[in-house]
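Novice: A predicted structure for the sequence below; I have some questions about it.
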Amino acid sequence: MALRKTAFTTALALSCGLSMLAYAHSGATGIVKERMDFFTQNKDNLKAIKTHLRDGDLGAIVPLATQIRDWAEKMPAYFPAGSDGKPSEASPQIWLDFSGFERAASANYQAANELVLAAEDGDTKAALNAFKATASTCKSCHKSYKLD
Ligand code: HEC
């Protein structure tokens, strides 16, 4: 379902090109809305993971951390040039240093992947460390690439 939607959006973005981006500017629609939804999911997942860590339910962490990891991998593709401006909080810095933005997404991917592996292994200490690393890669990207 999500995949089909992504494929559809990609096709739409390719066929409509600039008009699609212009549409996104008028409100949280199109690709801007989609990435905001993924980020909101990230926040909810991080919060739920914290609870599961406290309760020692590592198994429940696996799908949540996997979702964070998979979004990190797709993230740069959801930031086409020109998709900033209200209501987006994307900083213009993203397009001035796109490889830095990709590296920040990749750091988030790696930390979330460590969390997936630690949770699968049932290694609480490693999971805690990977959780902290994941949260800090969210923060450091926001510091450089998100307006507040
Ligand atoms: C590589 C950079 C990057 C990483 C990593 C990243 N974010 Fe973000 N985040 C952004 C940017 C840029 C925006 C602004 C998007 C927009 O408004 O168009 C954003 C927006 C958000 C928002 C606001 C969504 C909304 O509806 O306006 C939340 C919440 C959020 N991020 C949470 C997280 C969490 C939690 C993580 C880590 C698990 C994370 N982000 C990782 C760059 C990142």
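Specialist: Done, it's in.
Novice: Please make it C-alpha for all contacts and neighbour counts, starting now.
Specialist: Fine.
Novice: measure stretch 75-92 end to end?
Specialist: Length of stretch 75-92, first residue to last, Cα to Cα, to the nearest Å: 16 Å.
Novice: mean confidence score for that stretch?
Specialist: The pLDDT scores in stretch 75-92 average 96.
Novice: distance between that stretch and the chain's centre?
Specialist: Distance of stretch 75-92 from the chain centroid (Cα atoms, centre = their mean, to the nearest Å) equals 13 Å.
Novice: does the ligand sit close to the longest helix belonging to the chain?
Specialist: If you go by DSSP state H, the chain has its longest helix at helix 30-55. Yes. Judged by Cα under 6 Å from any ligand atom, helix 30-55 comes into contact with the ligand at 32, 36, 39-40, 42-43.
Novice: who wins for neighbours among those residues?
Specialist: V32 (23 neighbours; other Cα atoms under 10 Å).
Novice: And T29, what's its pLDDT?
Specialist: As predicted, T29 sits at a pLDDT of 89.
Novice: before we move on, could you check phi and psi at it?
Specialist: For T29, the backbone dihedrals (degrees, to the nearest 10) come out as phi -130, psi 180.
Novice: Please report the distance of it from the ligand.
Specialist: 10 Å (Cα to the nearest ligand atom, to the nearest Å).
Novice: Would you mind pulling up the elements that the very next helix or strand once past the longest helix of the chain packs against?
Specialist: Where DSSP states H and E defines the elements, the next helix or strand beyond helix 30-55 is helix 58-74. Here helix 58-74 touches helix 30-55, helix 98-121, going by 3 or more Cα pairs under 8 Å, 6 or more residues apart in numbering; DSSP states H and E.
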